[in-house]
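Peer 1: Sequence below, structure please.
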Amino acid sequence: MGALYVNMFNGWCFTTNSSNCKGGRIVLAWNPNAFTLSVLKVTSQLIHCLVCPKSGSVEFCCTFVYAFNQSKEREYLWRDLCGLGFGMHKPWIVLGDFNCVLNIDERVGAPVRHQSMVAFRNCVDICGIEDVKAVGHFYTWSNKQAGEGRVFSKINRVLANDLWFQNYPNAEAGFLSEGEYDHCPIVLAVYPCDNIAKKPFRYFAMWKYAQGYTDLVKVNWSKSVVGTLMYQVVQKLKRMKGVLKELNRTGFNDIHAADIKAEHDLELCQKDLHLAPGESELADREVEAAKRYKLMHAAYISFLKQKAKEAWAKDGDENSSLFHKSIRARIIHNTVHAIHDMHGKWVCDPTSMSNAFLEYYQKLLRTKASSRSNVMIDIVHAGPTLEQLQKDQLLAPVVVGSFTIFKPTSPVTSEEVKYSMFSINGDKAPGPDGFGSHFFRENWNIVGEDVTKVVLDFFHTGKLLKEINSTTITLIPKTNRPKSVTEFRPISCCNVIYKCITKILCERMKCVLPMLIAENKGAFVHGRFIMHNIMMCQEIVRQYGRKNASPGCLIKLDMQKAYDTIEWDFLEEMLLALGFPTQFFNWIMFCVTTPKFSIMLNGSA
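Peer 2: So this is what the prediction gives:
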């Protein structure tokens, strides 16, 4: 071992736990040029130390673990970790071989001992630690046996407390291939915070709590702009963007600090008032301070809720801790530090990653069918068509809000535009212009008339400015450990005015689709769920095990990226074959074929 250390880690420092365990079970090496390390506690199952990076990063505690195989012996480890966690006021990371799983799905090929798992989980909860974002292999250990005797377990992991995540948000644990050994090596990488990329503008509902907010919007929106109606609205939104950015700088740039200051000012006023309860001036100051704190705190909670996107918590008690954790977890989960491109090459710098995703989606979204067969109209006409349904008077009107839609091309009303706008979730990710529906709903008395005219103009002319139907593709990991550009779900984030138009089109489709789509199809029709067909398949498969069952097989077919790869020509032919009116057909195809896409990676497009 000595020769290995000299050859591989020349000039490094070493320590072991050999004084607590015969022969030693843990060897710790560090580069003194990069870190100053102080050993604080050593046992037979852990080495606990304080690490001070010489790069100037925040110092942290690090506990290296190698647990015993027997659950009885691991009880001492859990006790020691709980003792370290009690009163821990520094960033803390715990990593190594715990010889135990946290969840039942972390072992394959052998049973999980519930009592051992619960003991480990209780320790983790008491210490206030959780898994650092991991990439690479899920299972970290294998017994290397052949055939059915092979066991896989996730017994190696990297855990950290809240202070670690706050100071090292870009940390990532990579679990590499085990090679000829039974354990996967762990590489803990802390990527630099990329502050170069400019974050796009986003409207926050907290701004409505600013003094004079409504007047500010009214004055700037009412300023005249020369040009077409759509151009005027686009330019007004651009102007509002600059105004709201300035508003944010003056009072909301650090909303958390502003909330704390407002609370502190209120406490001081109340202390002074208690010392001199008869002073009317102090009473007035206390009232004003309470009013300001109420506004700032409401703005802060609004900001957290909008960032956290926890829909189930919107109407419950405020829980800023919950929202902070949710925001952090979502950012960590969605951040990409390195990825395999579509050719299998590993890329880790921002430019290469952007190019990798761009190449993949350019290939995915472009046309592929150079010799596609045309839709067989005779087969389509064998089923119901829109023309036949209208002829037989089978189209049922759809009630939306307080108005009724009789057919797909029924005139669009201003009431319908408002209903569609107010049905859009304001906390959803906005499009390229950054304005969610919160802005339009909160200022409808000011902006509603112009926005309504723009939407109605589209249904009259069938045209939109490119600024309105531009779309951002946001990438959401489909797995906990995405390795390739193919393992992300593309979410199209459209501008709200464009969403309003498409929601109106969707409402019109509702009066037609139930009669055009067969009853055994689980998609596209309101009230139908794909789970119904899944449950039916489960019932069918359940009977396959009977001895007297007839021979048979079940085939599952899956189309990769089915919705993203539909050919426009096919969509055109199907709409025409089903008998949709030319006007409605043109609306649909314009919305489908004209958007300009940009990819959002790590918060910047």
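Peer 1: first vs last residue of stretch 63-77, how far apart are they?
Peer 2: Its first and final residues considered, stretch 63-77 spans 11 Å by CA to CA, to the nearest Å.
Peer 1: how about that stretch: buried residues?
Peer 2: 63-68, 71, 74, 77 (16 or more other CB atoms under 10 Å). Any C-beta I mention is one placed from the backbone N, CA and C, and that applies to glycine too.
Peer 1: Pull the most distant pair out of those residues.
Peer 2: Greatest spatial distance in the buried residues of stretch 63-77: 64 and 71, 20.6 Å, computed using CB to CB.
Peer 1: gap between residue 262 and residue 248?
Peer 2: 17 Å (CB to CB, to the nearest Å).
Peer 1: So which of those two has more stuff around it?
Peer 2: Between residue 262 and residue 248, counting by other CB atoms under 10 Å, residue 262 is the more crowded of the two (21 against 16).
Peer 1: I'd guessed the more buried one sits against residue 291; true?
Peer 2: No. Residue 262 lies out of contact with residue 291 (CB atoms under 8 Å); the separation is 9.7 Å.
Peer 1: still on that earlier bit, what about the buried residues of stretch 63-77, which are in helices?
Peer 2: Secondary structure from DSSP state H places 71, 74, 77 of these in helices.
Peer 1: okay, those residues in JSON lines with distance to residue 356 next?
Peer 2: Output for these, formatted as JSON lines (distance: CB to CB, whole Å):
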{"residue": "71", "distance to residue 356": "45"}
{"residue": "74", "distance to residue 356": "42"}
{"residue": "77", "distance to residue 356": "42"}
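Peer 1: Between these, which sits nearest residue 210?
Peer 2: Residue 210 has its nearest neighbour among those in residue 77, at 52.7 Å by CB to CB.
Peer 1: Contact partners for the closest one?
Peer 2: By CB atoms under 8 Å, 6 or more residues apart in numbering, the residues touching residue 77 are 43, 45-46, 65, 67-68, 98.
Peer 1: same question, residue 137
Peer 2: Listed by CB under 8 Å, 6+ apart, the contact set of residue 137 reads 175-178, 184, 481.
Peer 1: Quick check on these: which are buried?
Peer 2: Buried members of those, counted by 16+ other CB under 10 Å: 175, 178, 184.
Peer 1: If we only consider these, which is nearest to residue 297?
Peer 2: Once CB to CB is applied, the member of the buried ones among the contacts of residue 137 that ends up nearest residue 297 is residue 175, at 42.5 Å.
Peer 1: List phi and psi for the residue lying closest to the closest one once chain neighbours are set aside.
Peer 2: Using CB to CB, 6 or more residues apart in numbering and skipping the chain neighbours, the partner closest in space to residue 175 is residue 136 (3.8 Å). The phi and psi torsions at residue 136 (degrees, to the nearest 10) take the values phi 90, psi -150.
Peer 1: Export the contacts of residue 77 as TSV, with columns for distance to residue 300.
Peer 2: Putting the contacts of residue 77 into TSV (distance: CB to CB, whole Å) gives the following:
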residue	distance to residue 300
43	43
45	43
46	40
65	38
67	42
68	47
98	38
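Peer 1: Surely residue 485 and residue 358 touch.
Peer 2: No. Between residue 485 and residue 358 there is no contact under CB under 8 Å: 9.5 Å.
Peer 1: Tell me where the stretch 501-605 of the chain has helices.
Peer 2: Ranges of helices in the stretch 501-605 of the chain, per DSSP state H, counting those that start in this stretch, are 513-516, 530-542, 568-577, 582-593.
Peer 1: just the stretch 251-400 of the chain next, same as before
Peer 2: Going by DSSP H, counting those that start in this stretch, the stretch 251-400 of the chain shows helices at 255-275, 280-308, 320-334, 350-365, 377-381, 386-391.
Peer 1: what's the closest of those helices to residue 142?
Peer 2: The nearest among the helices of the stretch 251-400 of the chain, by CB to CB, is helix 320-334 at 26.6 Å.
Peer 1: From the buried ones among the contacts of residue 137, pick the one nearest residue 512.
Peer 2: Using CB to CB, the buried ones among the contacts of residue 137 come closest to residue 512 at residue 175, 50.7 Å.
Peer 1: hey, what's the closest one bridged with?
Peer 2: residue 136, residue 186 (DSSP bridges).
Peer 1: how about low-confidence regions in the stretch 201-350 of the chain?
Peer 2: Residue ranges of the stretch 201-350 of the chain with pLDDT under 70: 308-324.
Peer 1: same deal with the chain?
Peer 2: Counting by pLDDT under 70, the chain contains low-confidence ranges at 1-6, 194-197, 308-324, 368-370, 392-407, 560-561, 605.
Peer 1: Domain-wise, how is it divided?
Peer 2: Under the assignment automatic domain parsing, the domains of the chain span 2-190, 205-233+243-324, 340-512+549-600.
Peer 1: Mind jotting down where the strands sit in the stretch 451-600 of the chain?
Peer 2: For the stretch 451-600 of the chain, applying DSSP state E, counting those that start in this stretch gives strands covering 470-477, 488-494, 596-600.
Peer 1: May I see the buried residues of the first one?
Peer 2: For strand 470-477, the buried set under the neighbour-count rule, 16+ other CB under 10 Å, comprises 470-475.
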